[in-house]
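Trainee: I'd like to go over a predicted model; first the sequence, then the structure.
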Amino acid sequence: MIKSLCYAIHLSIKEYGSMEEPEPNKKQSVQPSWEEKISEDEQLMKWRDSAFHAAVEKLQETQGNAETVMQTGEAFGRGLFAQQVQELSPELTITRWLEKTEEDVFKPLGTEFTFTKISEDTATTFLNRDPLNNRLKEDTVASLFTYGVMRGLFLSAFPKGELLFHETSMADQREFIFKAHASAKDRFERERVKRVFSSLKRDDGA
């Protein structure tokens, strides 16, 4: 499973392709039962866990290069978009993107947000719950991976945008700002976030 997912991640990095082939002759009009929905959600979590463990392995192989974690997370996020969201239209707004990703990605993964501002081109949110971060010991690595996943999901829909990260006074809450149209300064955010989490990792002694 991990081997096949790593191959899918590799394809996503190169082509931002989907994570699996669609089932042939699947009837689009048939609504899945609750048992099938649970199974789909469990599969999504397995994909996420496998991608994260692949990122950890790459981190160890590269002797702590945070870039590999972010790249794997972003590739997984783009794969999630292609597989779960599949909507690329000029009329797509952040509100519509949030509705789709919350229902088809974030809820199945157990990720919870509190949004304090939502408009057509900007959304501000606090990440309240990240099961991957809470469950695993590599919490700073998990945070970097989660940021990469969110960024990959977002830039798949808004390639001219950026995902900004702000630290807060509360250690268990982190603020994220989704901007559909990034400024020149925003373009450096990815490198800044990488440095922030890398320094946290060193401070934790990981």
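Mentor: Cool, got the structure.
Trainee: use CA for all of it now, contacts and neighbours both
Mentor: Fine.
Trainee: remind me, longest helix of the chain?
Mentor: Ranked by residue count under DSSP state H, the longest helix found in the chain is helix 34-61.
Trainee: Show me what counts as buried in it.
Mentor: For helix 34-61, burial by neighbour count (16 or more other CA atoms under 10 Å) applies to 41, 44-48, 50-52, 54-56, 58-59.
Trainee: Downstream of the helix or strand harbouring Thr140, the next helix or strand is which one?
Mentor: Assigned by DSSP states H and E, Thr140 falls within helix 139-157. Going down the chain from helix 139-157, the next helix or strand is strand 162-167, by DSSP H and E.
Trainee: and that next one, what's its mean pLDDT?
Mentor: Averaging pLDDT along strand 162-167 yields 89.
Trainee: any idea how far Trp97 is from the residue nearest the centre of the chain?
Mentor: Nearest to the mean C-alpha position of the chain, by CA atoms, centre = their mean, lies Val149 at 1.9 Å. Noted for Val149: a distance of 15 Å to Trp97, by CA to CA, to the nearest Å.
Trainee: what's around Ala82, how many residues?
Mentor: Residues near Ala82, counting by other CA atoms under 10 Å, number 21.
Trainee: Need the pLDDT of it.
Mentor: In this model, Ala82 is scored at 90, pLDDT.
Trainee: repeat for Leu11
Mentor: Taking Leu11 on its own, its pLDDT is 43.
Trainee: Report the distance from stretch 186-200 to the chain centre.
Mentor: Here the centre of stretch 186-200 is set off from its chain's centre by 16 Å, with CA atoms, centre = their mean, to the nearest Å.
Trainee: in that stretch, what counts as buried?
Mentor: Applying 16+ other CA under 10 Å to stretch 186-200 flags Glu189, Arg190, Val193, Lys194, Phe197, Ser198 as buried.
Trainee: Return the item of these having minimum pLDDT.
Mentor: Confidence by pLDDT is poorest for Ser198 among the buried residues of stretch 186-200, given 70.
Trainee: And what about that one, helix, strand or coil?
Mentor: helix (DSSP: H, G, I helix; E, B strand; the rest coil).
Trainee: and the gap between it and Asp121?
Mentor: Counting by CA to CA - Ser198 and Asp121 are separated by 30 Å.
Trainee: With Lys46 instead?
Mentor: From Lys46 to Asp121 the distance is 32 Å (CA to CA).
Trainee: pretty sure Ser156 is touching Phe81, no?
Mentor: Yes - with contact defined as CA atoms under 8 Å, Ser156 reaches Phe81; the gap is 6.8 Å.
Trainee: who's more crowded, these two?
Mentor: Applying other CA under 10 Å to Ser156 and Phe81 shows that Phe81 carries more neighbours, namely 28 against 22.
Trainee: sorry, back to before: packing partners for the helix holding Thr140?
Mentor: Judged by 3 or more CA pairs under 8 Å, 6 or more residues apart in numbering; DSSP states H and E, helix 139-157 is in contact with helix 34-61, helix 66-80, helix 131-135, strand 162-167, helix 189-203.
Trainee: check contacts around Ile177.
Mentor: Thr122, Ala123, Thr124, Thr125, Leu163, Leu164, Phe165 (CA atoms under 8 Å, 6 or more residues apart in numbering).
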